[in-house]
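S.K.: fold the stuff below for me.
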Amino acid sequence: METLSYPFCYARHKTRVVPIGDLRIGGTWPILIQSMLSSSATESVDCLNEIKSLLAVDCKLIRLAIPSQKALGAIPELRRLMVEEGISVPLVADIHFSPTLAIEACELFEKVRVNPGNYSDIPKNSRGVMDGDFFEEGRQKLKELIQPLVTALKKHNRALRIGVNQGSLSRRMIERYGDSPEGMAHSALEMVELFERQTFKRLVISLKSSNPIVVQRAYRLLIRKQPESEAVPLHLGVTEAGNGMMGRIKSLVGIGALLADGIGDTIRVSLTEPVANEILFARQLLSKLPPATHQEKERRNTWQRPLNHGRITNRSVTVNASIIGNGEPLKIGGIDGGDLPKTDIPLVLDFFYSQKGESYYLKGNPSPLTPLTDTITTNLGKNQGDGSTPILVKSENPLSLLRKYYRDRPSKKRPPIGMLYPIETTANLGVEIQMASILSEGLLDYLLVPETINQEQLTRMLLLSQATRSRIFVTDYIICPSCGRTLFDLERTAERIKKRTDHLKGLKIGVMGCVVNGPGEMADADFGYVGSAPGKIDLYFGQERVRRGIPEENAVTELINLIKRKRRWKDPE
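M.R.: Got it, this is the predicted structure:
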């Protein structure tokens, strides 16, 4: 199985430096926070006011959706208003589908973002599939289309973001690599190669998905495939994260876990909220990271982690502990017979443990849990016996400890390993970033949750488990953050949908402002609510559009009716 090396220190991943106006991204420059306007580019005053609100919270780079010539034509007026106000922040043009708009945007924007998945593609052949010739034909078409873009970028001294989204990978990439992190990485690398062959290197890469685990996998794959001496700076983000606590936790899992390993040069936290909130949470996230250094990463102390992010296989043990809401005995650890576990096996969340002195016990289990601490890790093998006694991690740096533990003990005969969920008086993003990595890497067989946990901490812990795909507890919402293409009030509509569906545990509902983000960006949603025209909504069941042009005032009710027709509805308790 293909593996990746995870570092045990927090040195920054080396990338080259890319200038964007007066800014610099990559190298040893500080991680740059950016955002995107929700106002239409044609509403210059609204855009100006949003820009002011972002600058007030120290946003460094601002992106605008440019869906049409009309939107592009409004930028000189926005620039005039900015000059009058003394504002000189660099702007980024967000372009989909139109190579012409991308070329023309180079004159007016310091940076242009294009999506390889919809910049160019080649249709399927008569058999409905693509063979090698068709894949290469698509590559050549893409090469031809970017040649005039390279000329324009060089002429105006601009930068380019290669913005890959999982939900809008090109058909030929999906045919060859699947709708997968590997397809995302290869899509970006193909674009990098085509631009660099034309001696253009002012590039930044983003690999976005609404699934935080896919985001982690895609960036780690990309890093492995790039020569470090010529690595392109990375823009991190989880797309369609939503709002409120869920949106923040998803971003923490997808962005924070990478930043903690030194990956990432610029970030955007996408929230379906006022844009200034994105900057405030991004700053909080960066302030809680382990100290970063700008030196060569230590290679000796790495652990080769399987790429599938499934849970590690340890010994299985039956104990009289309880999953929340289920009083039956449970099995923790691996699968009988030593088979590799399926991905997304739920963690044990056990409120029923006891502590006697320095020892911890699972409910009804006579043997204490073997402690795993920083000081006794090297001697643990002498105390494991037959491997039937579960291990409990006790450390202020559990992520590093667990990685070292698995590196030094590759045997599948390890006993089940878990940890006591750290209880804090207030939300502690530093602790949650470590837990995000631990859970998304599948390093635990169980997680003890003290009965003293308060409701807010419990909610954050459950959302963290869900965002890492460790265990599903609530309805999952994939909600785009709004931009100039949005065709309805996303915040208000999302709250209406949540109010009527938040009891549907495990159901995934996508709420997309336009056809650019939906349905592609809600690829793994069960149901979708997508703006198709002003005041009109399309409804999706999976990737199939089942209703078109529903008046907005009726669309939420029709979404509920669709869920009922597909037998996925349950009445609230």
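S.K.: ok, now which ones touch the residue nearest to Phe527 when sequence neighbours are not counted?
M.R.: In space, and not counting its chain neighbours, Phe527 is closest to Ile509: 5.2 Å by C-beta to C-beta, 6 or more residues apart in numbering. C-beta coordinates here come from the backbone N, C-alpha and C atoms, glycine included. Contacts for Ile509 (C-beta atoms under 8 Å, 6 or more residues apart in numbering) come out as 475-478, 497, 501, 525-529, 559.
S.K.: of those, buried ones?
M.R.: Buried residues within these, defined by neighbour count using 16 or more other C-beta atoms under 10 Å: 475-478, 497, 501, 525-529, 559.
S.K.: which of the residues you listed lies closest to Glu552?
M.R.: Ranked by distance to Glu552 (C-beta to C-beta), those are led by Tyr529 at 10.0 Å.
S.K.: helix/strand/coil for that closest one?
M.R.: Secondary structure state of Tyr529, per DSSP: H, G, I helix; E, B strand; the rest coil, is strand.
S.K.: surely it is in contact with Arg545?
M.R.: No. Judged on C-beta atoms under 8 Å, Tyr529 makes no contact with Arg545 at a distance of 11.4 Å.
S.K.: what about the residue nearest to Phe527, which SS state?
M.R.: With three-state DSSP as the basis, Ile509 sits in strand.
S.K.: what's the first-to-last distance across stretch 266-281?
M.R.: One end of stretch 266-281 to the other measures 14 Å (C-alpha to C-alpha, to the nearest Å).
S.K.: show me what counts as buried in stretch 423-443.
M.R.: Buried residues in stretch 423-443, counting neighbours by 16+ other C-beta under 10 Å, are found at 428-429, 431-443.
S.K.: repeat that for stretch 527-546.
M.R.: Result for stretch 527-546 [16+ other C-beta under 10 Å]: buried residues 527-532, 536-542.
S.K.: how far away is Ser98 from Arg202?
M.R.: Distance, Ser98 to Arg202, using C-beta to C-beta, to the nearest Å: 21 Å.
S.K.: look at the two and report which has more neighbours.
M.R.: Neighbours were counted for Ser98 and for Arg202 using other C-beta atoms under 10 Å; Arg202 has more, 21 against 18.
S.K.: so what's that one closest to, chain neighbours aside?
M.R.: Closest to Arg202 by C-beta to C-beta, 6+ apart is Ala159, at 4.3 Å.
S.K.: so who does the one you found touch?
M.R.: Contacts of Ala159 (C-beta under 8 Å, 6+ apart): 18-20, 25, 110-112, 153, 202-204.
S.K.: for the stretch 451-573 of the chain, just list every one of the strands.
M.R.: 476-479, 508-512, 527-533, 536-541, 544-551 (DSSP state E, counting those that start in this stretch).
S.K.: hmm, His13 and Ile223 touching each other?
M.R.: Yes. Contact criterion C-beta under 8 Å: Ile223 and His13 qualify, at 6.3 Å.
S.K.: list residues touching both of the two?
M.R.: With C-beta under 8 Å, 6+ apart, Ile223 and His13 have common neighbours 231, 263.
S.K.: for stretch 464-475, give me every contacting residue.
M.R.: Residues outside stretch 464-475 that contact it (C-beta under 8 Å, 6+ apart) are 211-213, 246, 249-250, 252-254, 343-344, 346-347, 349, 432, 435-436, 439-440, 447, 462-463, 476, 498, 501-509.
S.K.: can you select the buried ones among those for me in ChimeraX?
M.R.: Those of the contacts of stretch 464-475 that count as buried under 16+ other C-beta under 10 Å are selected in ChimeraX with:
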select :211,212,213,246,249,250,252,253,254,347,349,432,435,436,439,440,447,462,463,476,498,501,504,507,508,509
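S.K.: any regions of the stretch 401-550 of the chain where pLDDT drops low?
M.R.: Across the stretch 401-550 of the chain, residues meeting the criterion (pLDDT under 70) sit at 410-414, 425-426, 451, 481-485, 515-523.
S.K.: can you give me the helices in it?
M.R.: For the stretch 401-550 of the chain, the helices defined by DSSP state H, counting those that start in this stretch occupy 429-440, 455-467, 490-501.
S.K.: tabulate the ones you listed (JSON lines), appending distance to Gly178.
M.R.: Shown next, in JSON lines, are the helices of the stretch 401-550 of the chain (distance: least, C-beta to C-beta, whole Å):
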{"stretch": "helix 429-440", "distance to Gly178": "20"}
{"stretch": "helix 455-467", "distance to Gly178": "23"}
{"stretch": "helix 490-501", "distance to Gly178": "30"}
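S.K.: which of these sits closest to Ile563?
M.R.: Distance to Ile563, taken as C-beta to C-beta, is lowest for helix 490-501 among the helices of the stretch 401-550 of the chain, at 7.4 Å.
S.K.: which helices and strands sit right next to the closest one?
M.R.: Packing contacts for helix 490-501, counted by 3 or more C-beta pairs under 8 Å, 6 or more residues apart in numbering; DSSP states H and E, involve strand 476-479, strand 508-512, helix 552-565.
S.K.: how far off helix 490-501 does the longest one point, in degrees?
M.R.: So that's helix 552-565. 30 degrees (axes from the mean of the first three to the mean of the last three C-alpha atoms, to 10 degrees).
S.K.: what about the contacts of Ala159, which are in helices?
M.R.: Counting by DSSP state H, those place Leu153 in helices.
S.K.: for Met435, see how far away the residue nearest to Met461 when sequence neighbours are not counted is.
M.R.: Distances taken as C-beta to C-beta, 6+ apart place Tyr421 nearest to Met461, at 6.0 Å, with adjacent residues excluded. Using C-beta to C-beta, one obtains 8 Å as the distance from Tyr421 to Met435.
S.K.: please enumerate the strands of the stretch 201-350 of the chain.
M.R.: Assigned by DSSP E, counting those that start in this stretch, the strands in the stretch 201-350 of the chain fall at 203-208, 234-236, 266-267, 303-306, 317-319, 330-332, 348-350.
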